[in-house]
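K.L.:
need coordinates for the below:
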Amino acid sequence: MTPVPSRLRGAAQVLLSAAVWGSLGVAVRQIDAGPITVAFYRVIFAAAALALLLTISRGMAGFRPGKYLPMLAVMGLFLSGNWLLFLFSLSVSTVATTVLAFYTYPIFVGLLAPLIVGERLERTTIYALVLAMLGVFFTAQVGEFGDFNLLRVLPAIGAGLSYALMVLLSKRIGTRLSAYTITFWETFLAIPFLLIIFLLFSPQLLSGSDLGWAAVVGVVHTAFTTSFYLAGQQHIKAQYASVLAYVEPVSAAIFAAVFLGEIPTLSIYLGGALILAASVLVVFQGLLRSHRPSAASAGGTDGGIS
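P.N.:
Residues are numbered from 1 along each chain as shown. As a prediction, this is how the structure comes out:
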């Protein structure tokens with residue numbers, strides 16, 4: 001059984017990653033470019049940063065994917081789809097609509113985890129998901145969706161499904177490869193796909209501050225934060241990690257208030273309280289209680305650089 005301190009450390013890593021991801025919207029808003037351009041530059045900077053980190057810390061050994069290269073290529077496609085669909089949704093819909101639709105991904109994780117990583121869907125997870133979804137409902141200020149239509153929501157839901165599949169596949173091989181190796185290969189293998197899309201539909205070169213913010217998105221929000229998240233989830237069940245990640249909408253509301261002047265409404269405070277309640281439920285009822293974990297979720301490395 002995974003030690004309690006290890007599980008708590010994993011939960012803390014997931015929570016911190018989600019909090020950092022909450023600043024992604026602020027960073028993307030600073031880039032004067034379309035979603036395809038942002039996604040392409042994001043993957044370039046992420047792969048370059050991880051390549052440098054692995055070279056310095058582990059040499060060529062850090063790059064060895066072993067027999068998992070085909071699975072990492074599939075994960076790269078899912079990652080590309082997640083970024084393209086999410087950024088496209090932001091360009092055609094409100095941030096609130098995109099956030100709410102994307103945060104269907106924990107439902108996909110909960111439903112698919114038994115099939116992909118052998119986790120049993122627990123009652124605690126179901127309760128926490130209900131609380132968290134209600135929280136996102138209020139945090140996203142759903143009452144403003146007067147122009148709601150299905151075509152605007154489907155891209156973000158598709159992004160959520162792509163993200164859920166990527167996370168579950170990384171969970172499956174996370175005990176065999178470090179989180180940094182996994183993140184490097186999935187971003188590196190996404191480059192050819194995004195390069196084709198970029199050249200065909202949005203061959204826009206960035207410079208100046210746009211390039212700087214693209215570097216922030218690629219290095220901070222993608223390379224390091226994604227690796228940190230994947231490392232943390234190796235110590236806890238994927239369904240727990242997906243619920244804890246609901247802290248991101250709360251973080252996003254805070255960053256928007258501080259840096260964009262978007263003052264949170266009462267509904268955002270209520271939503272944040274529900275999301276935090278879901279996280280507390282997972283931590284204290286799911287992570288701290290004594291139970292026998294599934295074989296797929298037991299053990300694992302921390303995925304960190306040593």
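K.L.:
gap between residue 123 and residue 130?
P.N.:
Applying C-beta to C-beta, to the nearest Å, the value for residue 123 to residue 130 is 11 Å. Using the backbone N, CA and C atoms, a C-beta is placed for each residue, glycine as well.
K.L.:
more neighbours, those two?
P.N.:
Each of residue 123 and residue 130 has its neighbours counted (other C-beta atoms under 10 Å); residue 130 has more, 12 against 9.
K.L.:
that one in helix, strand or coil?
P.N.:
helix (DSSP: H, G, I helix; E, B strand; the rest coil).
K.L.:
residues touching it, list them.
P.N.:
By C-beta atoms under 8 Å, 6 or more residues apart in numbering, no residues touch residue 130.
K.L.:
ok, it to residue 272 distance?
P.N.:
16 Å.
K.L.:
ok, the closest residue to residue 177 other than its chain neighbours to residue 165 distance?
P.N.:
Spatial nearest neighbour of residue 177, chain neighbours left out: residue 68 (6.4 Å); criterion: C-beta to C-beta, 6 or more residues apart in numbering. Counting by C-beta to C-beta, the gap from residue 68 to residue 165 is 15 Å.
K.L.:
one more: residue 155?
P.N.:
For residue 155, the distance to residue 165 - C-beta to C-beta - is 16 Å.
K.L.:
in the host helix or strand of residue 57, what's buried?
P.N.:
Remark: residue 57 resides in helix 35-58, with elements defined by DSSP states H and E. Buried residues in helix 35-58, counted by 16 or more other C-beta atoms under 10 Å: 35-51, 53-54, 58.
K.L.:
so which elements touch it?
P.N.:
helix 69-92, helix 179-188, helix 191-201, helix 208-216 (3 or more C-beta pairs under 8 Å, 6 or more residues apart in numbering; DSSP states H and E).
K.L.:
winner for burial among these?
P.N.:
For the helices and strands packed on helix 35-58, average neighbour numbers computed from mean count of other C-beta atoms under 10 Å are highest in helix 179-188, which has a mean of 26.
K.L.:
that one versus helix 35-58: what angle between them?
P.N.:
Angle between the axes of helix 179-188 and helix 35-58 is 140 degrees (criterion: axes from the mean of the first three to the mean of the last three C-alpha atoms, to 10 degrees).
K.L.:
now helix 179-188, how far from the chain's geometric center?
P.N.:
Centroid displacement of helix 179-188 relative to its chain, using C-alpha atoms, centre = their mean, to the nearest Å, is 14 Å.
K.L.:
residue 232 against residue 6, yeah?
P.N.:
No - Residue 232 is not in contact with residue 6 according to C-beta atoms under 8 Å; the separation is 10.3 Å.
K.L.:
any residues in contact with both of the two?
P.N.:
When C-beta under 8 Å, 6+ apart defines a contact, no residue borders residue 232 and residue 6 alike.
K.L.:
of the two, who's got more company?
P.N.:
Comparing residue 232 with residue 6 by other C-beta under 10 Å, the one with more neighbours is residue 232, at 25 against 16.
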